[in-house]
Each structure stands twice: as C-alpha cells, then as structure tokens.
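A.B. asks: Provided below for reference: sequence and predicted model.
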Protein chains: 2
Amino acid sequence: MSESMQGLKRTHRCTELSHANVGETVTVMGWVQRRRNLGQLLFITLRDRSGLLQLAFGEETDKAVFEKAETLRSEYVIAATGVVRSRGEDANKTMKTGDIEIEVQELRILAEAETTPFEIVENSDVREELRLKYRYLDLRRPDMQNTIMMRSKTTGAVRRFLEEQGFLEVETPMLTKSTPEGARDYLVPSRVHPGNFYALPQSPQIFKQLLMVSGYDRYFQIVKCFRDEDLRADRQPEFTQIDMELSFVDEEDVMGINERLIQHVFKEVLGHEVQLPIQRLTYQEAMDRFGSDKPDLRFGVELTDLSDVVADSGFAVFENALANGGSVRAINAKGMGDLGRKQIDSLVKVGQDFGAKGVAWLQVRPDGEEKSSFTKFLTPETVAAIKERMGATDNDLILVVADKPSVVYAALGALRQEVAKRLDLINKDEYRFVWVTDFPLLEYDEEAGRYVAMHHPFTMPKDEDIALMETDPGKVRAKAYDLCLNGYELGGGSIRIYQGDVQEKMFNLLGFTKEEAYERFGFLLNAFKYGVPPHGGLAFGLDRLVMLMAKRDNIRDVIAFPKVKDASCLMTEAPGAVEQKQLDELALMIQELVKEEEPQA
Amino acid sequence: MSESMQGLKRTHRCTELSHANVGETVTVMGWVQRRRNLGQLLFITLRDRSGLLQLAFGEETDKAVFEKAETLRSEYVIAATGVVRSRGEDANKTMKTGDIEIEVQELRILAEAETTPFEIVENSDVREELRLKYRYLDLRRPDMQNTIMMRSKTTGAVRRFLEEQGFLEVETPMLTKSTPEGARDYLVPSRVHPGNFYALPQSPQIFKQLLMVSGYDRYFQIVKCFRDEDLRADRQPEFTQIDMELSFVDEEDVMGINERLIQHVFKEVLGHEVQLPIQRLTYQEAMDRFGSDKPDLRFGVELTDLSDVVADSGFAVFENALANGGSVRAINAKGMGDLGRKQIDSLVKVGQDFGAKGVAWLQVRPDGEEKSSFTKFLTPETVAAIKERMGATDNDLILVVADKPSVVYAALGALRQEVAKRLDLINKDEYRFVWVTDFPLLEYDEEAGRYVAMHHPFTMPKDEDIALMETDPGKVRAKAYDLCLNGYELGGGSIRIYQGDVQEKMFNLLGFTKEEAYERFGFLLNAFKYGVPPHGGLAFGLDRLVMLMAKRDNIRDVIAFPKVKDASCLMTEAPGAVEQKQLDELALMIQELVKEEEPQA
C-alpha cells in the first residue's frame, strides 16, 4: 500500500532544519532509519541525503497517526508534516539536528519496504559482492552518499575553474576508429557497414589535438574513456578523465594552470590548502631517490647508491650487476633492527616479487649486534663504508639490491613502500603532491627490438635533446610531466610535437615508415599540414582523484555503478547474451570455443 | 620550417585588445587570415578564436621582419610582438578591433600551412562532404567556432543552474545491458565473456531511477546516448542528453524547474528573456488545433473541426471517414486564394505524403470566384456552413482532410507547416515555447495487436485515470510532458510509477507476464521493493537545443565531429576494418554476406 503525496510539498531536507525553525510547520520526506517505541512515545529517525532528523509521536498525536507510525519499518518511504520543537535537555549531540525534532501531525507512507539484505549504515563490512549486487541499497549508505556527492562537487569545481580560465567544453566522439597502437580497444560492430567496427576511445587524444589545429585554444572535457585490459584494483573498463589541451603554451603554462586547478578543487571540496608551487622532481631524481616515477613523499626511506662503494668489493653479485650496466642501491629501514629472520625473509620476498633475484640485508640489532646475508663476502672496510654511506646505527635494517636499473628501482621502490607501511610511517591525513618531469621520450622494447614511445608518439622532446634523437635516442628527455599524489599518478601530459621534421624523426625512431605512420595517424598528420599551433595538454584520472580525496582504497567506492574484476556488473549482469536477430543485423557469428577449459572469467 | 615560441608569452587574444591598450607592447598569436601588400606597407589580418586583429608592417619595421612578413600565407601560425597603436581615420568599423593595429617589432612563424582545400571564412557554401572530411579546417570558420562556443556556454549554464538547485552530477555506465524494448542497441562484444555483449545506453533511464531509489534526491548528467537507427537530418547515432531525475516531486515541480532552467540558459547564452510561465497545451488540444504534439506556435493557421458540419452531407468521402471513427478537419490558408492549380496540387501532394488519401480544397479567389475539388458533391447550404465555420473570405484556400484521426492530424499538421513556409508567416527570430501535457499513456499497436507504452513502461497514469486502466486503457492519460520550441521537441519526461500495484496493471496492459517483466526489468523491479520515493524526470536533447539556439537547420553544425547519414565519420573514416586478432580475442566471426546486392549504406 502506498499513499500519494498529493497536496503535500516537501519544505526542507532533514538537516536543512535547525533550532532556528522551532515553531514552524514543516514537511519532510525520506526513509525510515529506525523506529523506537517507548510506550506512549514513539520516535522515528528519518534519513535523506542530507542526514538524519527525529520525528516524534506522543500523547498529543492523533491516534490514527500514532497507529500508522507503529507500522513503520526500516526503509519505508514516508512524508511527515508537523511542528519543529526543541529537544532541550534531550538533545542528541551526535546528530547534526539532534537539538530538534518534529512533532508529527500528518504522516503518509509513500512506499513500504521489504527487509533489506544488509543494514543501511555507515562503513558497513558487508562483503563487496553483496553490496554490488544490491548497489541501489549500498548507495544509500551515508559514507557512499558522501563520496558520490564529493565526486559531483569535484567535477563542478573543476568545470568552474577551467571555464574561468577560458577553457571550452567540447564533446568528442564515443564511436570512433580503432588504432592498433596502445591498449586493447573495445569494439562496436557497425550494422550499416557489416564487418566494420567502431572503437570506443581510449582517450580523446587525437581529437583534442585536432581541436587545437582548429583554433579552439583551450579545450576541456570530463569524459568517459575505455580500455579492454585485465582489471587491477584501481582500473575499470570505463573510466573518467578530466581532459584538457591548450595552444600557445609551454610546460610551465600547463603545469601552472593545473596546480592551480588542483589547489582550487582541494580548497572547494575539502577545505584543504595545497601549497604552491608543487614540488618537482625529474624522472631520474624520482627513480634514484624513491625507486618510482610516482613517489610517495609522505615518508623518507630514500634509496642510496652504493655502486661506487662496492665497485671493487670482490663480491660477484655486486660486481656482475655493475659490469652489466646495473647498479647496487639500498634503503635503510630505521627501526627494523629488531626484526626476526622470518620478517626479513618476507621483505626479501617483496623485493623478489618485483623482479630482484635477491635482496641482500644487513641488520644492526638494537644492542649493536650485526647480522647479515652478505657481509661475510666483503672486507671489513667495505662493510664499514656501506654502513657509513647508509648512516647505519643501532636498530637499523639495510636492504640492498644489485641488478639492472629497472629491477633495482622497482624492487627498492616496493620495499620502501612496504617498510613505511610496516613501520607506520605514513600520515594518512597528508596530501603530498609532486610533479615528475623530464621523462625519457622513448623506452627500448627488448621484445620488439625497437624503441616505443613512453608517453605517445606526439610527445615533444626537450629542445636541448633534439640533436640526441640521432645519436643517443635513449637519452632524449620529453616535455612530459606527471602530477603525483601520495604514490599515485593523478594525471599526466606533455607538450606535443608540432614540427613536421621532428615528427618524422620520431616516427623513424619508432620504426615506422612514412606510409605506416600515415596509415595509423593519417588524418592527424594531414591536419598538421594546414597550420598547427604549439600545444600541449594533460589528463587527470577523475576516479583516482576522487578516491584519494575521499581517502578510499578502492576505486569502485567512488563510482556509482562500477564493474568488477571480470569487467561485469553484478547488479545488471552485463554483459549478457543477445538475440540471434541482433547478431544477424550486425553480420556476426560467435566462434565456437575450441579450448576445453572454460574461458577465463 | 617552424620557429619556437620559446621566450615569448601570449599576452592577449586578438579581440581582448582595444583602444585602451594603445601604447602597450603586446604579443599575439594566431592564424594568418590574409596578407595585403601595399608597397611600403604590409598588413596581416590575424585570427584566433576571439576574432580578428590587424598587424601592421611599414617603413619603421626592421627589414628582416618585413621580409619575413612578406613570406606569410593564409593559415600560417604566427606570433607577433609589437606596440598597439590607433588607426585613427583608417579605422575599420566592420571589425571589433578595427580602431587599432599592432606595429610589429618581432615576428615568428610557428608553423607554415599548405593551401587549404577551402577558404576559412564565415558561412561558406562549400559542400558538406568536403567540410566534414576536413572537419579540423571547417571548425576554424568563425560561424562554426561561435556555434561550438555557444554549446560550451550552454552546458556551463545548465550545470550552474542545476547545481544551484541541488542536483548532483552522477555518472552512469556506458557499458551496460541490452534491453529488448526500445530502439536498436549498439552492442559491444565482451572479451572476458565470449559470446556476451554489453550495450551502449539509449538513455540512463533505469540508472537514474535507481539513483532515486538510492536517495540521491536530485540527479543530473549531460551524457552521451546511443541508438543504432537509420539517421534522419536531426538524428545522430550518438547524441547528448541533459538528463535529470527528482524525488518527492509532481509534474508541476519538474515543469517549474525546467522552465526556469530554460529561462536561465537563454538569458545567459543569448541574452534572450523567456517569459514564464511557458504556455501549456494538452496533447489533445495540440493535436486538435495544430495537428502535432510538438506544435510550432509562431503562426496560426489552426485546424478546424468540420465533422459536425459535414456529418449528413451525403458526400461519401466525408461520411465514410466519420463512420469509421475518423473526422473531417480543415485549415484555412489565408492569402492562398490566388494559387494556380499546380501549386494547389503540390499542397495536396504534401497531405498525401503524410498519409491522406486526398486533400479536398475550396479556393476563394481574390475576386471572390470559388473553385473547389469537392463542393459539387455538397448542398449549397453545407458549403456555406463550411465557409462560415472556416471564416472564409476572398483570397483564401481551405484544405480539408477526412480520415482516421492520426492521418487527419499528420496531414493537416504538415500542410499547416507548409502553408506557413510558403506564405512566409514564420518569424525566425522568435523563440516560441510550449509545454504539451497529458499524453496518452498507451498507443495501440495494430501490428502487435496490443498496447505499447507511448513514453515508457514506468510512466505514471494521471491519478483520476487509474480506474480507466481496467475499463478503457486507450483513454488513460499519463503524467508526461514535453517541452517544445518552434515545432521541435526540446525534451520530455514524466512522473514514474512507484506503486507496485499500478506497475503490475501497466505490465498487464502491455501484455507482459510477471516473469517477462522481471526478465526485462528485473533489477529495477527488485530495487522498487526496498522503498522507492515518488519521482520523475526529464531529458533534453542538447544537440537540438543548441541547434535551435544557434538558429541552425542542421544538427551536424552543432557537433564538433559528427557522423553522416550512413553513421560514418568522413574525417576518421570510422567505422573501419579491424585485425583478425581483435576478432579472435572477442570470439567473433563475420558472417558471409549472402545477399547479392551491396549492403545498404
């Protein structure tokens, strides 16, 4: 049975009422959070997106209304009209509206509710599968509502800032062309052109560059992007980017606007002051000091280079690494001098998970006693030199990795993070931003036997490194920049190549002939013939930004209707089967699954 | 050859400069619109998104700079630094910055340009195929730029208004589930679940209703939607909706907020005052008076019902129509009394194109002479009565259609529009809004032999018509409303059913068993068990709104990168072929095209 709200108008949301409204007749509508019967008295806690409010029924209440209130159960939707009164001595200090209540005169049950599969309360520990199946109920929980509201506030703040800075919002197509470079595309079969496919965009990169060619000067869009990759904890098949591109700018312009954008958003949404300018590290410095191009600067435990100290140590592990172009680096986990062997082994395992063959360790116990996996192979002088370089004192644990640079950085970067976690060095209330700049333009792909673009093929080399493109391509640095927060990449971008000759060199380095380049990026290269302004841009991952702002660990908590690891939606059960007629219209057939095993889910 | 802009910063866009800046040294950057050599003098008209500005080179100009200026060609991208000076007597009144120019001291050519396939000028009559192939150049034209900028301004104004009204922006999924009801879905094959498909959303309808179930109270989104239908002039496979949903509201609330939204947007973007409240017509009144549920009220030429006048006329055409439940209606095209027979025949053709078997006509020539296709079958009294009812005077043309109601309305509605066009009755500068309300809940689908939802299966019947659902379903009116402008539907929506018993009746009428209903809309129906608030919403077509605001005839002119009629993009050539590997990953095969003829493009 549901009553109509005809003749009633809601006058306030729950927490829009305060002591200032005492004596007023108001109408509120929302969900029953709980009912308390106290004999002659009955209280309903009403919930809407703004918060909670107490509805009171007592001896002065009309009997029929009181009896109706007695039938209310959790999650019923009701409308209540009555007079605001002070709770005086009975004020509930834990509730925003705890000093008032509504003395209800009229009550309507707008909708009844079955018992929900889990209680609608903050920070529930219901398992995520159930939450996602009943997402419409999960989204009622106040912490989820706050997060979704924070996301809305964030996009609003982003838009207002960018509009004030002269950015135009321009929509780019969702049904576009598949390009073989990059991640795997989601494809959309065409009905009108059987056998042909659209692709959903991995980013509006090419379109935003075209908009610069078209003279739009400053473009932005908050836009869905798609990648058909296997999901990690912080990845979704569809994700949202704050995407922008600017003409007639250099790196400083793009970084300057974007740090002011971030400052604005954190102020507007969180009331948090981000100090500008944001600290900068070059890529090389970030790797050397933190073993990561998205370093978490909330704690120290920096990497130290021991290569020179152990160069002639006679220890094969170290000397071989150095001989093969690698290095020997270490971190000092101060305060881990008391770890037992099992705990040390678990740290070694972390290093190994990130590619290290082993992690050499030297522990100075709290009482000064030394234990080590490797010092027996070294002279006392070398051990002393290592200890001095590492600033080793009592109660320290030194972890050493000797390998090629990428492995050393990855293993020690991960160990640094692990050590900080175990030692509880991380202040969860701190927002520590850092720009990482001067990325390498190219990475050497061992498998393909050629260079690949670290960012994308349109990224501009640094002016002073252009000559190196011919002589030492691996050394060329790019006009590229990432903004990182607490160990996550929030966003990144670059200045783009706008000169034909530089672009040609770049394609050469990537091993493309001119014909191949045109086949892949033809319409962009054509567009560039007709007058292209210097331009550059940046894109933020909105999901991750909001996740960090909301201090969530799980990106699904900031997306209203997310997908799970197998890219399915537990609520709608998408993807699903379709009718044969639909396949026929698209001229498609499903291949027989020849493999014996079930497809990976 | 392109020079770097290193060391230069743009200080102004072209039209940010005015007489107030005279004497200042400034740096501007943009595209060469044209070059004029006048012996010792040389002028460049520079263009950026803000407009035009004159750069001057003369005897005082450094020789190298002058010579470089002589090499400039249309669409080169340049940076110029110099002093703003007054043009005094030489002011160009047709240019916003016509009273100033820059006396250039430094000039850099940032990018050269080949000759463009068409000139970059306003309102060019280049054929659309060429414009769309070189969309990045077409988008440089000032009229296109103004339209795209107007679109950006429009979405900004919409968002600011809705945010102030307490709406939350919540993103809904793009990869969702195919539902058999409605238009044809675009499908996206799943790689992880071979043989299964996502669908791109036709609208976020179900998700926005779920957000109301979740207590978000007021939701909005400016969102891409997709329909794989054959395209008409004002349809695109992907289109953008301003989508919203509100809880605890009735029709008046939704219409009230939305007419204030439209008022706000027209004021902000066009400086145009929309008078509130917007006029309302019921669906029946709109059909009876204008033959359309999206009537253009900028002109009269209303329909008149002649059924009673001709009821006993003895003329079989009229009497048969009436006997079969139809009607006889007419318009009076005042001022068309002088049309020749050929022109009248072309009007008859218009009526026939919209389903009429014929259009009877009665012309009163300017000199009072009468000609008619049908009066010979009637008594003089009946003819006189028709003339009187139609207010016929000299120089009038009365056009009569006798048929079943849907045909009468369609044919006369189209004739009304055609007559207004030929008589030039339409003020193109007028924005004439009208709400159309009280739509029928159901339409009878002759082919399927059952009722179908006119809006969608969740639309609420009017309270006073709920009883009719059992006795006379075709008469039930819905709580549905469309906002129309100048003969176009700008948007529409409804209050939704939130009571289980009413929903069940609705599904019965649509011929669904309970099982079928659950199969189609299961998660929404489940959600409704747990406390659903009264709610309703509306969605505007953004593309059409901007098209009308910008006074364009073609929806492609308000979309940066549109598709053409065969749903392809002439610039990117999407859709395209994909690699076999991509198909294999999706477990798909292309069906052989067995038909002999080429597929319809």
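C.D. replies: Okay, I see it. Residues are numbered from 1 along each chain as shown, chains lettered A, B, ... in the order given.
A.B. asks: Please make it C-alpha for all contacts and neighbour counts, starting now.
C.D. replies: OK.
A.B. asks: Just list what the helix or strand hosting residue A:436 packs against, helices and strands only.
C.D. replies: For residue A:436, the element it lies in under DSSP states H and E is strand A:433-437. Under the contact criterion of 3 or more Cα pairs under 8 Å, 6 or more residues apart in numbering or on different chains; DSSP states H and E, strand A:433-437 touches strand A:280-282, helix A:283-290, strand A:480-485.
A.B. asks: Out of these, the one nearest chain B is which?
C.D. replies: Nearest to chain B, of all the helices and strands packed on strand A:433-437, is strand A:480-485, at 16.4 Å by Cα to the nearest Cα.
A.B. asks: Give me the helices and strands touching the closest one, please.
C.D. replies: Partner elements for strand A:480-485 (3+ Cα pairs under 8 Å, 6+ apart): strand A:433-437, strand A:488-495.
A.B. asks: what comes into contact with that strand?
C.D. replies: Under the criterion Cα atoms under 8 Å, 6 or more residues apart in numbering or on different chains, residues A:251, A:255, A:294-296, A:431-439, A:455, A:459-460, A:489-495 lie in contact with strand A:480-485.
A.B. asks: Now do whichever residue of the stretch 301-450 of chain A sits closest to chain B, the pLDDT please.
C.D. replies: Going by Cα to the nearest Cα, chain B is nearest to residue A:438 of the stretch 301-450 of chain A, at 17.3 Å. Looking at residue A:438, its pLDDT is 97.
A.B. asks: ditto for the one 4 residues further on
C.D. replies: Predicted confidence (pLDDT) at residue A:442: the value is 94.
A.B. asks: what's across from it in the sheet?
C.D. replies: Using DSSP bridges, the bridge partners assigned to residue A:442 are residue A:453.
A.B. asks: surely it meets residue A:452?
C.D. replies: Yes. With contact taken as Cα atoms under 8 Å, residue A:442 and residue A:452 are classed as touching, separated by 5.6 Å.
A.B. asks: quick one on the thing from earlier: how far off centre is the strand holding residue A:436?
C.D. replies: Mean C-alpha position of strand A:433-437 versus that of the full chain (Cα atoms, centre = their mean, to the nearest Å) differs by 16 Å.
A.B. asks: Then stretch A:390-400?
C.D. replies: The chain centroid and the centroid of stretch A:390-400 are separated by 34 Å under Cα atoms, centre = their mean.
A.B. asks: deepest of the helices and strands packed on strand A:480-485, which one?
C.D. replies: Neighbour counts (mean count of other Cα atoms under 10 Å in any protein chain shown) averaged over each of these peak at strand A:433-437, with a mean of 26.
A.B. asks: For that one, which outside residues touch it?
C.D. replies: Contacts with strand A:433-437, where a contact means Cα under 8 Å, 6+ apart, come from A:278-283, A:286, A:293-295, A:297, A:479-486.
A.B. asks: need the residues of the stretch 251-400 of chain A near chain B, please.
C.D. replies: Within reach of chain B by Cα under 8 Å from any Cα of the partner chain, the stretch 251-400 of chain A has no residues at all.
A.B. asks: State which one residue of the stretch 251-400 of chain A is found closest to chain B.
C.D. replies: Taking Cα to the nearest Cα, the stretch 251-400 of chain A has residue A:253 as its residue nearest chain B, at 9.5 Å.
A.B. asks: State whether that residue is indeed within a strand.
C.D. replies: No. Going by DSSP: H, G, I helix; E, B strand; the rest coil, the assignment for residue A:253 is helix, not a strand.
A.B. asks: Sketch out the strands for the stretch 451-600 of chain A, chain order is fine.
C.D. replies: A:480-485, A:488-495, A:535-541, A:588-590 (DSSP state E, counting those that start in this stretch).
A.B. asks: Of the ones you listed, which is nearest residue B:388?
C.D. replies: Of all the strands of the stretch 451-600 of chain A, it is strand A:588-590 that lies closest to residue B:388, at 63.1 Å by Cα to Cα.
A.B. asks: Mind listing the strands that closest one pairs with, and their directions?
C.D. replies: Strand A:588-590 pairs in its sheet with strand B:588-590 (antiparallel), by DSSP bridges.
A.B. asks: Any chance you could list what contacts the partner strand?
C.D. replies: Applying Cα under 8 Å, 6+ apart, the contact partners of strand B:588-590 are A:194, A:195, A:587, A:588, A:589, A:590, A:591, B:195, B:583.
A.B. asks: ok, now with 6 Å
C.D. replies: Residues from elsewhere that reach strand B:588-590, judged by Cα atoms under 6 Å, 6 or more residues apart in numbering or on different chains: A:195, A:587, A:588, A:589, A:590, A:591.
A.B. asks: Quick one: name the residues of chain A near chain B.
C.D. replies: Proximity of chain A to chain B, by Cα under 6 Å from any Cα of the partner chain, involves residues A:49, A:75-77, A:111-114, A:136-137, A:139-140, A:152, A:168-169, A:176-177, A:188, A:192, A:195-198, A:210, A:214-215, A:529-532, A:574-577, A:587-591, A:601.
A.B. asks: Among the residues you listed, which lie within helices?
C.D. replies: The helices, defined by DSSP state H, take in A:136, A:137, A:152, A:210 from the residues of chain A next to chain B.
A.B. asks: Please, a ChimeraX command that selects the buried ones among those?
C.D. replies: This is the ChimeraX syntax for the buried subset of those, where burial follows 16 or more other Cα atoms under 10 Å in any protein chain shown:
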select /A:136,137,152,210
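A.B. asks: farthest-separated two in the ones in helices among the residues of chain A next to chain B?
C.D. replies: Taking Cα to Cα as the measure, those span a maximum distance of 43.2 Å, between A:137 and A:210.
A.B. asks: about what we covered before: quick check: which of the helices and strands packed on strand A:480-485 is nearest to residue A:244?
C.D. replies: Nearest to residue A:244 among the helices and strands packed on strand A:480-485 is strand A:488-495 (9.2 Å), distances taken as Cα to Cα.
A.B. asks: Enumerate every residue touching residue A:218.
C.D. replies: Applying Cα under 6 Å, 6+ apart, we find residue A:218 in contact with A:167, A:245, A:246.
A.B. asks: Recalculate using a threshold of 10 Å.
C.D. replies: Shown in contact with residue A:218 (Cα atoms under 10 Å, 6 or more residues apart in numbering or on different chains): A:162-163, A:165-170, A:208, A:211-212, A:244-248, A:535-537, B:49.
A.B. asks: and it, what are its bridge partners?
C.D. replies: Beta-bridge partners, per DSSP bridges, of residue A:218: residue A:246.
A.B. asks: Look up how far residue A:259 lies from it.
C.D. replies: Using Cα to Cα, to the nearest Å, we find residue A:218 at a distance of 16 Å from residue A:259.
A.B. asks: Kindly report the same for residue A:155.
C.D. replies: Distance from residue A:155 to residue A:259, counting by Cα to Cα: 16 Å.
A.B. asks: Likewise for residue A:120?
C.D. replies: 38 Å.
A.B. asks: Which of the two has more residues huddled nearby?
C.D. replies: Neighbours were tallied for residue A:120 and for residue A:259 using other Cα atoms under 10 Å in any protein chain shown; the higher tally belongs to residue A:259 (20 against 17).
A.B. asks: follow-up on the earlier one: any of the residues of chain A next to chain B buried? List them.
C.D. replies: With burial judged by 16+ other Cα under 10 Å, the buried subset of these is A:49, A:75-77, A:111-113, A:136-137, A:139-140, A:152, A:168-169, A:176-177, A:188, A:192, A:195-198, A:210, A:214-215, A:529-532, A:574-576, A:587-590.
A.B. asks: Alright, I will stop here.
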